[in-house]
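Trainee: How does the following fold in three dimensions:
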Amino acid sequence: MSKASASGLDPEVRHSPRIDQCGCSFTGHPPVIPPCPAVKTALSVGLLPILGSLYGVDSALVGWVTHLFHSVVFGLLFAAGVSYVSAHRGEPKPFDVVGLGFGWGMVLWLVAAGVVMPIWMTILGLPTRFPNLSLLGFVGHGVWGLTLATVFYAFGTARFDR
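Mentor: Next up is the predicted model:
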């Protein structure tokens, strides 16, 4: 039995363009994070190191951690806002919460990513464009807001005081 057959992958299929578009080389080991140039590039250049550099460290890991931290802070602000409104106006409907979540994601895209981040980068002397709005940012922040609101409604039932 050949090595490729033992791994369960036919050599022609293993290196086909559909599987190997980004240059990943699957050798039969389960690819937790494949040694893919596209993945390595996404983690080492682009937005993540820029986010890290806002805090003085040009590192994708620091950028990733700070982006997650920002997500938690903005998620807590959303939860507090919805809880405050629901305490004064009654329980919101699920689609109201989801709509607010999408709207919150769009506010963050426009204000935090589009205006605040470029101003911060300019102050630090980093090259940027103003406003810094992209389709990928729009989609990412929209999906984040929808996910946040759906999870919050499902598990938090829109109030902290229960």
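Trainee: Count the neighbours of residue 63 for me.
Mentor: With neighbours defined by other Cβ atoms under 10 Å, the count for residue 63 comes to 22. For every residue, glycine as well, the C-beta is placed using N, CA and C.
Trainee: so who does it touch?
Mentor: 47-53 (Cβ atoms under 8 Å, 6 or more residues apart in numbering).
Trainee: Now, the residues you listed that are in helices?
Mentor: Counting by DSSP state H, the contacts of residue 63 place 47-53 in helices.
Trainee: Break the protein into its domains for me.
Mentor: Domain assignment of the chain by automatic domain parsing yields the ranges 3-44, 58-156.
Trainee: got TSV for the contacts of residue 63, with pLDDT too?
Mentor: TSV is the format used below for those (pLDDT from 0 to 100):
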residue	pLDDT
47	75
48	78
49	81
50	82
51	84
52	83
53	84
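Trainee: which of those residues are buried?
Mentor: Taking 16 or more other Cβ atoms under 10 Å as the criterion, what is buried in the contacts of residue 63 is 47-53.
Trainee: Need the three-state assignment for residue 74.
Mentor: Here residue 74 is recorded as helix under DSSP: H, G, I helix; E, B strand; the rest coil.
Trainee: was I right about it contacting residue 108?
Mentor: Yes: between residue 74 and residue 108 there is a contact under Cβ atoms under 8 Å: 5.9 Å.
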